[in-house]
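1. A predicted structure for the sequence below; I have some questions about it.
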Amino acid sequence: MSKYFSKLTSPVIAVILGLIVGAIIMLVSGYDPIAGYGSMIGGIVGDSYYVGESVRTIIPYILAGLAVAFAFRTGLFNIGVEGQLIVGWLAAVWVGIAFDLPRIIHLPLAILAGAAAGALWAFIPGYLKAKFRVHEVIVSIMLNYTALYVTNYLIRNVMTDKLDKTERIADTASLRSPFFESITDFSRMHWGIVVAIICVIIMWFILERTKTGFELKAVGFNQHASEYAGMSVNKNIILSMVISGAFAGLAGAMEGLGTFGYAAVKGGFTGMGFDGIAVALLGANTAIGVVLAALLFGGLKAGALNMPLETGIPSEIVDIVIALIIFFVASSYFIRWIAARFKKGVK
């Protein structure tokens, strides 16, 4: 029990410190931090519409966080989640537009297309890492830019005639939910939340309850020992990146099939893939931890939109708070040392 408590202590303290320093920055800048945080909370759970939008924002953060966390747990750093998310988004939308199928076939096919595209994009750094020992960080971060510009080209020149966005997907491929819309005052909350929860269970099951998961983690801990034990190091490196990329592709598919219903030319990165790194870090790379961290980050992002409207506080303050939380999580050793000293003092 004390082991789990100690794991929980650092992220909780990091969040509290981030919020405190954020409040100080608001105060120094001439804003009321109580009113600021109050408006942010109102933007998260103020009414049914805000709740729906908060849940909708959380969905891709869960999946992006799972993508990064899965790779971390197996000894890899998948910094290419952003690119995998983008190609997954486009692939899912393409299937949603190109085919005329019954909903029971069309929607799963579009979701799987997003996962497959993300997995294929992650296969490239995984293969290069396994065969040529090219570091996955270098390859995957370059592939982010490749994904951005290739998808922009495809949207403008293949899927449309020089337009900046595709047509809308067919209703049979949409994750939109009239039920969720009716109970959340027509927010954009959609069935992607179910997909995200299923993926959380899948990640936990693979890593904690399967032989494959044991091998993936073993290879991540020590490749030489794993190879001596008869495990295929190269196969497990590639498999880890492919599964991680599939989660990232699903994050993009949720945006394409649920939130927006189309793919558009992007002037820059969405940021969700990079935020997934922070979500995984705060969630200690565990499935349930990623969910809790995504609830926090998604809630902060959704609530930030309400701050300028009610208090005039720039929404960028929330980005500062998130950055501070990440900083304090990265300083977890120091936080644990302080907590241990405090505990000894109490005794």
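-> Nice, thanks for sending it over.

2. mind checking the longest helix of the chain?
-> Among the segments of the chain that qualify as a helix by DSSP state H, the longest is helix 103-132.

3. got the contact list for stretch 56-63?
-> Stretch 56-63 is contacted from outside by 85, 187-190, 192-193, 195-196, 199-200, 247-248, 250-252, 254-255, 258-259, 272, 275-276, 279, 290-291, 293-295, 297-299, 301-302, using CB atoms under 8 Å, 6 or more residues apart in numbering. The C-beta positions use only the backbone N, C-alpha and C, and glycine is treated the same way.

4. now, which of those lie within strands?
-> Nothing among the contacts of stretch 56-63 maps onto strands, per DSSP state E.

5. follow-up on the earlier one: helices or strands next to the longest helix of the chain in the packing?
-> helix 81-98, helix 136-154, helix 233-254 (3 or more CB pairs under 8 Å, 6 or more residues apart in numbering; DSSP states H and E).

6. just put these in a markdown table and tack on mean neighbour count and distance to residue 224.
-> Below are those laid out as a markdown table (neighbours: other CB atoms under 10 Å; distance: least, CB to CB, whole Å):
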| stretch | mean neighbour count | distance to residue 224 |
| --- | --- | --- |
| helix 81-98 | 29 | 28 |
| helix 136-154 | 18 | 18 |
| helix 233-254 | 28 | 9 |
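
7. columns mean pLDDT and distance to residue 161 on top of those helices, output as TSV?
-> Below are these laid out as TSV (pLDDT from 0 to 100; distance: least, CB to CB, whole Å):
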stretch	mean pLDDT	distance to residue 161
helix 81-98	98	14
helix 136-154	97	13
helix 233-254	98	24
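
8. with distance to residue 182 added, can I get those helices in CSV?
-> Converted to CSV, the helices and strands packed on helix 103-132 look like this (distance: least, CB to CB, whole Å):
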stretch, distance to residue 182
helix 81-98, 23
helix 136-154, 34
helix 233-254, 20
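
9. out of those, nearest to residue 45?
-> Residue 45 lies closest to helix 233-254 among the helices and strands packed on helix 103-132, at 21.5 Å (CB to CB).

10. what about residue 99, how many residues nearby?
-> Using other CB atoms under 10 Å, residue 99 has 15 other residues around it.

11. in space, what's closest to it - neighbours in sequence excluded?
-> Nearest in space to residue 99, with sequence neighbours left out and distances taken as CB to CB, 6 or more residues apart in numbering, is residue 106 at 6.2 Å.

12. same check on residue 155?
-> residue 265 (5.3 Å).

13. and the pLDDT for the one you found?
-> At residue 265, the pLDDT value in this model is 97.

14. tell me how many other residues crowd it.
-> Residue 265 - counted by other CB under 10 Å - has 16 other residues nearby.

15. what do you get for residue 161?
-> 7.

16. against residue 89, how distant is it?
-> 21 Å (CB to CB, to the nearest Å).

17. and for residue 227?
-> 37 Å.

18. likewise for residue 102?
-> 23 Å.

19. what about the stretch 1-150 of the chain, any weak spots by pLDDT?
-> 1-7 (pLDDT under 70).

20. check the secondary structure at the residue at minimal distance from the centre of the chain for me.
-> Closest to where the C-alpha atoms of the chain average out (CA atoms, centre = their mean) is residue 64, at 2.1 Å. What DSSP: H, G, I helix; E, B strand; the rest coil gives for residue 64 is helix.
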